[in-house]
Each structure stands twice: as C-alpha cells, then as structure tokens.
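Q: compute the structure for the input listed below.
(2 chains)
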2 protein chains.
Amino acid sequence: MTAHTGASPTITFRENVRPEDEHAVRRMAEATGFFRADEVEVAGELVRERLSKGAASGYEFVLGDAGSELIGYACFGEIACSVGSYDLYWIIVDPAHQGRGLGRQLVDRVEERVRALVGRNVYIETSSLAKYEPTRRFYERCGYAIEAVLRGFYQPGDDKLIYSKHIGTQTPAD
Amino acid sequence: MTAHTGASPTITFRENVRPEDEHAVRRMAEATGFFRADEVEVAGELVRERLSKGAASGYEFVLGDAGSELIGYACFGEIACSVGSYDLYWIIVDPAHQGRGLGRQLVDRVEERVRALVGRNVYIETSSLAKYEPTRRFYERCGYAIEAVLRGFYQPGDDKLIYSKHIGTQTPAD
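A: Sure thing, here's the model as predicted:
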C-alpha cells in the first residue's frame, strides 16, 4: 500500500460489515506479514460469517475507514456459556497506517461496545513467541494484564497467554 | 433409570458415533440433574455434528456401552491453531453407573487416543462454583492440575478453571 505522508487521514468508524470488507480484511492481514495463510483465511471467514448470519454469528466488528478504504478493524464477541465475558478475536491495523493510535482507538471502541452490552471482561489470547512482543506490549499499554499462561499450548515452547481487562460497573462480591 | 444391583455390567468401548447416541447423550445429561437445558442441547449438538461431518467436525468420542445401552461417554478434540493440544469437552457417566470407575476409564481412553495422535496437552475447563467440587476432585484424581483461573469469567463470583495434563513423550526445550 502507498504510505500516507503529511496529515493523518480522517478516520470514520462503523460496526456494520459490508461485502467488500472480506477482501480488505484479508489484504490487511497479508500486508502485516504476520499471519499464516490459514490464519488469513480465518480472518476472512469471520467476516463471511457475520455477513451471512448477522448477530447470530457471534461476531461483532469495529471497522475504521479512511474515506472509502478500510484501514483497520477489530472483531470481538461474547463468549458462549458466559454472562458478560468477551473475546477480542482479531485486531489489525493496515501497516501503512500504524503508529498513529488507530489500534488503541479500535480497542477503546470495542470496550465501549462491551460496556454498552453490560459486559464485564474482555479477554485477548496471544502467543508467547518473540514475534508477538510488540503485540503484547500494545495490549499492556491498553491496560490489559496477563491473567493466565498455558505452557506449550500452541507448540512446545510456544505458550498461550490470556490477557484480560475487567471493565464495567459490576464488581463481583469477593 | 433402574439402579443396577449385583455385578457391574461388562462395559465395551467404541469411538464410532451412532444416530441413537444423540438421544442417549441427552438422556444421560438430563439424568445427572447437572446441566441446564441449553447445555443439554449443546451435548446433543456435538453428537449431531460428528454424525454429519465425521472427523471434520473436530469432535472425537469415547463411548461406553453396557450391552446395547450407552452408559457413559467423553467428547474431546484438537484445539484449532494448536499443535497437539486437546480439549476434553464433555464427560458424562449415567448416574445409575457412577462410582465404579467408568469416568476414570473414559479419561484414560481419551488420553490413549491423544497420545496416539502425538498430542501433548489435554485441557479441561470447568467452573469454580461449589456444585462442581466433586467434578474438580475427579479431575485431580485423574492427575489434572489447575493451570489457569479466569476470575469472574462465567458470572461475577463464578471463575473459569482450566485444568491440564501434559502428556506424551515430547518435552518442550525450556
């Protein structure tokens, strides 16, 4: 993608998914150089699911456009069998638009939506591999902390880290 | 169900799911008095998925019959995006046949299957609520230990506990 120089573009946010978003999501996922082909496939699949099933898909979106171009998005959803626990499944910012706070805006807007749904917890799962260090630091800057480590989950030496933020106004009676 | 007195019935194990298993699974789930209606629905759904999609469903089964009657089963599967991590999704023993070690046999056979698939980890998720105390003690007797606690996951005051057993011959290079 062409790097944007000069003033940052105005970003508008929406929650409704459009058919063209599937291709844009795959494009951005590939552009990060971060995801395997099967992971890129999953990113597109969640968009398809939302398009075909709507809210019943269990996938909610925050999408950020610069004009007509999708430049970042987040996908989240309520976790089945829980009351008010949400997973942030995906968050991608187009590499040409990174470093400008869009990732943080996406997370903030996901949390806004979760609060509005009376949600209590947001979970983000990631890997312990070195390549995810910038990703983990980003979650920590957004106020998430590691709540669980599953050793060797993905592969030997590749742990699952479960980050969480406890949000909303309900406090459990401890 | 009629309580079986006298000698314990001979139990035979199989992995192939039959159409009649769906009803039997629901019946046993209801008979435990442990599951909500929507959870019983999920138990039956996994059987339907296996029947319609086979291995592609991601659901594997160990089923124990006493003659022609299904008296216990376990459902497990490889966790997507992991290499060799398995979830034990469900394990139910008919209340009329509990206390005779069938639950342990089911878990042992799940682990046998996971080992044969070169699996490394088996995870079991459960709740911290008091009613699950016997369930948790059973997992601990089977050699599982709590690897993670997600506070307030299901509801305020109702935590998700992730039990795990690290099995197989591969040891991660720490």
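
Q: just want to check the distance between residue A:48 and residue A:58.
A: As judged by Cβ to Cβ, to the nearest Å, residue A:48 and residue A:58 stand 13 Å apart. To be clear about C-beta, it is placed using only N, CA and C from the backbone, and glycine gets the same treatment.

Q: same question, residue A:149
A: Residue A:149 sits at a distance of 26 Å from residue A:58 (criterion: Cβ to Cβ).

Q: so these two - more neighbours on which side?
A: A side-by-side neighbour count of residue A:149 and residue A:58, using other Cβ atoms under 10 Å in any protein chain shown, places residue A:58 first with 16 against 13.

Q: if I look at the nearest residue to that one once chain neighbours are set aside, how far off is residue A:162?
A: Setting aside the residues directly before and after it, residue A:58 is nearest to residue A:77 in space (Cβ to Cβ, 6 or more residues apart in numbering or on different chains), at 4.5 Å. Residue A:77 sits 16 Å away from residue A:162 when distances are taken as Cβ to Cβ.

Q: any residue of stretch A:144-152 up close to chain B?
A: Yes: judged by Cβ under 8 Å from any Cβ of the partner chain, stretch A:144-152 comes into contact with chain B at A:147-152.

Q: residues in contact with the residue nearest the centre of chain A?
A: Nearest to the mean C-alpha position of chain A, by Cα atoms, centre = their mean, lies residue A:91 at 2.6 Å. For residue A:91, the residues meeting the contact criterion (Cβ atoms under 8 Å, 6 or more residues apart in numbering or on different chains) are A:72-75, A:103, A:106-107, A:110.

Q: if we can go back for a sec, from the residues of stretch A:144-152 next to chain B, which is closest to residue A:22?
A: Proximity of those to residue A:22, judged by Cβ to Cβ, is greatest for residue A:150, which lies at 30.8 Å.

Q: neighbours of the nearest residue to the closest one once chain neighbours are set aside, just the number please.
A: In space, residue A:150 comes closest to residue A:160 once its chain neighbours are excluded; the distance is 4.1 Å by Cβ to Cβ, 6+ apart. Look at residue A:160: counted by other Cβ under 10 Å, it has 23 neighbours.

Q: from memory residue A:160 sits against residue A:129, does it?
A: No: with contacts defined as Cβ atoms under 8 Å, residue A:160 does not count as touching residue A:129, sitting 10.7 Å away.
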